[in-house]
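Asks: Structure of the sequence below:
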Amino acid sequence: MSGKIAMDVRTVLGGMALIKSGVLENVGLFDEKNFSPAYGEETDLCFRARHSGFRVVQADIPIIHHGSAVITPQLGLDRRIFLNEYHRMKVFLFNLSFFEFLEFAPGLSLNFLKSIKNLKTHILLRAYIKALFELNTVLFERKKRKEKAKVVYKKLWGKKVGNGDKRCLE
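Replies: Residues are numbered from 1 along each chain as shown. I've put the predicted structure just below:
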């Protein structure tokens, strides 16, 4: 990372995140309603924070070693794959424009090819179909989130969303 202390990223892993209380006070906590019991909640929180004008940064040096997961081994491999893909798709639907989504298409294609190799394609398809069946609910929630992000952004930064300002709440 060429000597930087931190760099801006889209998301960070929740098990290793340090989040300022001001961020949580303004954008809310993890979305347990849409991302329970596992996968995607930290990604969703990062997108909500960024939409509200906060920065998401990654440290240049490892600070914490996260040795094991608590809930995921109990779920079984097929359930973990399903939840991971289902919640990934919901994060995309909640937070990305169509063109932003296209940036992730190559990675999703690789996941799909890997699922064919591992005989898990039916799980991915089930996850994607379930997310698409919830599209009306997701779009309604997405609209509410966008409005909240605009209000938070204006309150904190005194400007309209989209001006390129990347200040962090101090």
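Asks: how far away is residue 49 from residue 57?
Replies: 11 Å (Cβ to Cβ, to the nearest Å). C-beta coordinates here come from the backbone N, C-alpha and C atoms, glycine included.
Asks: For the two, indicate the residue with more neighbours.
Replies: The neighbour count for residue 49 versus residue 57, taken as other Cβ atoms under 10 Å, is higher for residue 49 (24 against 15).
Asks: OK, contacts around the more buried one?
Replies: 23, 27, 56 (Cβ atoms under 8 Å, 6 or more residues apart in numbering).
Asks: Could you name the helices and strands sitting against the helix or strand hosting the first one?
Replies: So that's residue 23. Using DSSP states H and E, residue 23 maps to helix 21-27. Here helix 21-27 touches helix 41-51, helix 135-157, going by 3 or more Cβ pairs under 8 Å, 6 or more residues apart in numbering; DSSP states H and E.
Asks: With distance to residue 87 as extra columns, can I get the ones you listed in JSON lines?
Replies: What follows is the helices and strands packed on helix 21-27, written out as JSON lines (distance: least, Cβ to Cβ, whole Å):
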{"stretch": "helix 41-51", "distance to residue 87": "8"}
{"stretch": "helix 135-157", "distance to residue 87": "12"}
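Asks: thinking again about what came up before, using CSV, list the CA coordinates for the helix holding residue 23.
Replies: What follows is helix 21-27, C-alpha atoms only, in CSV (Å, rounded to 0.1, in the frame of the first residue of the first chain):
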residue,chain,number,x,y,z
SER,A,21,-20.0,6.2,17.5
GLY,A,22,-21.0,9.2,15.4
VAL,A,23,-21.3,7.0,12.4
LEU,A,24,-23.6,4.5,14.2
GLU,A,25,-25.7,7.4,15.7
ASN,A,26,-26.3,8.8,12.2
VAL,A,27,-26.6,5.8,9.9
